[in-house]
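Enquirer: Kindly generate the corresponding structure for this input.
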Amino acid sequence: MNTLSPRRDLLQIAVFVLAVAVLAGTSRSGVVLNFTMMALYGCLMAQSWNLLGGYGGQFSFGHALFFGTGAYVQAIAQLQGGINPWFALVLAVAAAALVGLFFGALSFRYGLKGSYFALVTLAFAEVFRILSLSVPFTGAGVGLMVPLREGAANMQFGDRRGYVWLVLALVTLGLLATTWLRHSRFGAWLQAVRDNEDAARAIGVDPFRVKLGAIGLSGAFMGAAGAFYVQVFQYIDPGIAYGPHTSVEALVAAIVGGLGTLWGPVLGALVLHLLADLTRGLFGALPGINMIIYGAVLIAIVMFAPRGVLGIGMSVRRLWARPPPVPAAEPREAHGG
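Expert: Model prediction:
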C-alpha cells in the first residue's frame, strides 16, 4: 500500500481544519459564521451519503431515515430521559447506525441494489415519517421542542461559533473515515463490490457483510447530522426528520461535488449553499426554490460533468499538465544521383 497517499490526505485535512478554525476564530460576522455552519452541516450529510453511494455504489433516496432517527433520539433522550446532550449525541449516532444495519440486513439479504434499493430506502423513510406522526413520544404532528439551556455542557452555545466548532469536529471525523476507506482493505473490498459484485465474490469478498458495514457507517454520520440539527434549531417534527428535502440535499451535494472522492462532498455542499444563498437574495423565500435549484444543478452535472465539480478540476489540471504535441518532422525529398 502506498503510504504517501494517506499522508497527503491527512495533510490536506489538517490544512482544511486549520483554515476553517482560523475563519471561525477571527470572523465577527454572524452571516459568515452562519454560512460556514450550514455549509459544514450540508457537508456532513453529503459525506454520509458518499460513504454508501460513492464508495459502495448503493444509491439511497431515503437517507432521511437515518437523519430522523438521530434527531429524534437526540431530542427524546433529553426531554424524556433527562440525558445530557453530549451523551445523547452518542446514543443518536449509535441508534442511526443500528437502523442502518437493520435496514441493510433486510435489503442486502434479498439482493436489492440499483433502483430497487433506492426506492426501498425512500419507502422506509416514508414509513418512519408516518410512524412518527402516530406515536406520542415523538410529539406526533406537533413535534418536539428542546428547551433552551445555554452552555457548552448542554451543547447549546451563545453564538454560531460554538456550533461551527462542533460540526467541524464531526466533518473532520467524516474526512478521517473517508480517508480510511480510501486506503484500507475494507475500503478496497467495498469498491470492488461497487465495481463488480460477482467478481468480488469470486475472489473471496463477502458483499453482504461489506455493504452492511458501509450502511452502518453511513447511518452513523447521518444520525450525527440529525442530532446536530436538533441542538442548533431546538425543534424537530416528522416532516423535517424524515422528509425528502434532507435526502435530496445529501445526495445532490455528494453527486455535484464528485462521487467516491475525499473532497467532493465538501465542495458540493459549498456550491449548493452558495447557490441557495444567492437565489434566496434574488427571489426571497419563494417556496420550493431550493429544490428547483438542486434539481437543475443535478441535471446539469449529470449531463455535462458526470464526475462532479471536482472531476472538472482534475480534468483541467491534467490537460494543463499535458506536454504540447511534438510536430511531425517534414519528410525529406529524395534527390536523384
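Enquirer: Run a quick neighbour tally on Val302.
Expert: For Val302, the neighbour count with other CB atoms under 10 Å is 12. All C-beta spots, glycine's among them, are computed from the backbone N, C-alpha and C.
Enquirer: Now do the closest residue to it other than its chain neighbours, the pLDDT please.
Expert: Sequence neighbours aside, Ile255 is the residue nearest to Val302 in space, at 7.5 Å (criterion: CB to CB, 6 or more residues apart in numbering). What the model reports for Ile255 is a pLDDT of 91.
Enquirer: in the protein, which spans are helices?
Expert: Taking DSSP state H to define them, one finds helices in the chain at 4-26, 30-49, 64-79, 85-109, 115-134, 160-183, 185-195, 197-202, 207-233, 238-242, 244-257, 264-283, 289-304, 308-321.
Enquirer: Looking at the ones you listed, which is nearest to Gly56?
Expert: Among those, helix 207-233 comes nearest to Gly56, with 4.2 Å by CB to CB.
Enquirer: does the residue nearest to Val302 really touch Gly308, like I thought?
Expert: Yes: using CB atoms under 8 Å, Ile255 is in contact with Gly308, at 6.4 Å.
Enquirer: any common contacting residues for these two?
Expert: Where contact means CB atoms under 8 Å, 6 or more residues apart in numbering, the residues bridging Ile255 and Gly308 through contact with each are Gly268, Ile301.
Enquirer: ok so, going back, comparing the helices of the chain, which comes out most buried?
Expert: Comparing the helices of the chain by mean neighbour count (mean count of other CB atoms under 10 Å), helix 64-79 comes out on top with a mean of 28.
Enquirer: What's the mean pLDDT across that one?
Expert: For helix 64-79, mean pLDDT rounds to 97.
Enquirer: And it, what does it pack against?
Expert: Applying 3 or more CB pairs under 8 Å, 6 or more residues apart in numbering; DSSP states H and E, one finds that helix 64-79 contacts helix 85-109, helix 115-134, strand 144-145, helix 207-233, strand 235-236, helix 238-242, helix 244-257.
Enquirer: closest one to Leu173 among those?
Expert: The closest of the helices and strands packed on helix 64-79 to Leu173 is helix 207-233. By CB to CB, the value is 7.8 Å.
Enquirer: Report the rounded mean pLDDT for that closest one.
Expert: The predicted model gives helix 207-233 an average pLDDT of 97.
Enquirer: I'd like the distance from that helix to the chain centre, please.
Expert: The chain centroid and the centroid of helix 207-233 are separated by 9 Å under CA atoms, centre = their mean, to the nearest Å.
Enquirer: One more: stretch 187-196?
Expert: Using CA atoms, centre = their mean, the offset of stretch 187-196 from its chain centre is 19 Å.
Enquirer: Pull it out as CSV, backbone CA atoms only.
Expert: Output in CSV follows, covering the C-alpha atoms of stretch 187-196 (Å, rounded to 0.1, in the frame of the first residue of the first chain):
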residue,chain,number,x,y,z
GLY,A,187,-12.4,0.1,1.5
ALA,A,188,-10.8,-1.9,-1.3
TRP,A,189,-13.4,-4.6,-0.7
LEU,A,190,-16.2,-2.1,-0.8
GLN,A,191,-15.0,-0.5,-4.0
ALA,A,192,-14.6,-4.0,-5.5
VAL,A,193,-18.2,-4.8,-4.6
ARG,A,194,-19.3,-1.5,-6.2
ASP,A,195,-17.4,-2.1,-9.4
ASN,A,196,-18.4,-5.8,-9.9
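Enquirer: How about Ala105, nearest residue that isn't a chain neighbour?
Expert: The shortest distance from Ala105 to any residue other than its chain neighbours is 6.4 Å, reached at Leu212 (CB to CB, 6+ apart).
Enquirer: mind listing what that neighbour touches?
Expert: With contacts taken as CB under 8 Å, 6+ apart, Leu212 has the following neighbours: Leu101, Gly104, Ala105, Phe108.
Enquirer: now for these, which pair is the farthest apart?
Expert: Using CB to CB, the contacts of Leu212 reach their maximum pairwise distance at Leu101 and Phe108, which is 10.3 Å.
Enquirer: Find residues that contact each of these two.
Expert: Shared contacts of Leu101 and Phe108, defined by CB under 8 Å, 6+ apart, comprise Leu212, Ile215.
Enquirer: Looking at Val316 now. What's its pLDDT?
Expert: Among the per-residue scores, Val316 shows a pLDDT of 59.
Enquirer: next one: Leu23
Expert: Listed pLDDT for Leu23 reads 94.
Enquirer: Look up how far Pro265 lies from it.
Expert: Per CB to CB, to the nearest Å, Leu23 is found 19 Å from Pro265.
Enquirer: swap in Leu175?
Expert: Here the criterion is CB to CB. By it, Leu175 lies 9 Å from Pro265.
Enquirer: who touches both of those two?
Expert: Gln47.
Enquirer: quick one: contacts for the residue most central in space within the chain?
Expert: The residue lying closest to the centre of the chain (CA atoms, centre = their mean) is Ala46, at 1.7 Å. The neighbours of Ala46, taking CB under 8 Å, 6+ apart as the test, are Glu249, Ala250, Ala253, Ala254, Gly257, Gly264, Pro265, Val266, Gly268, Ala269.
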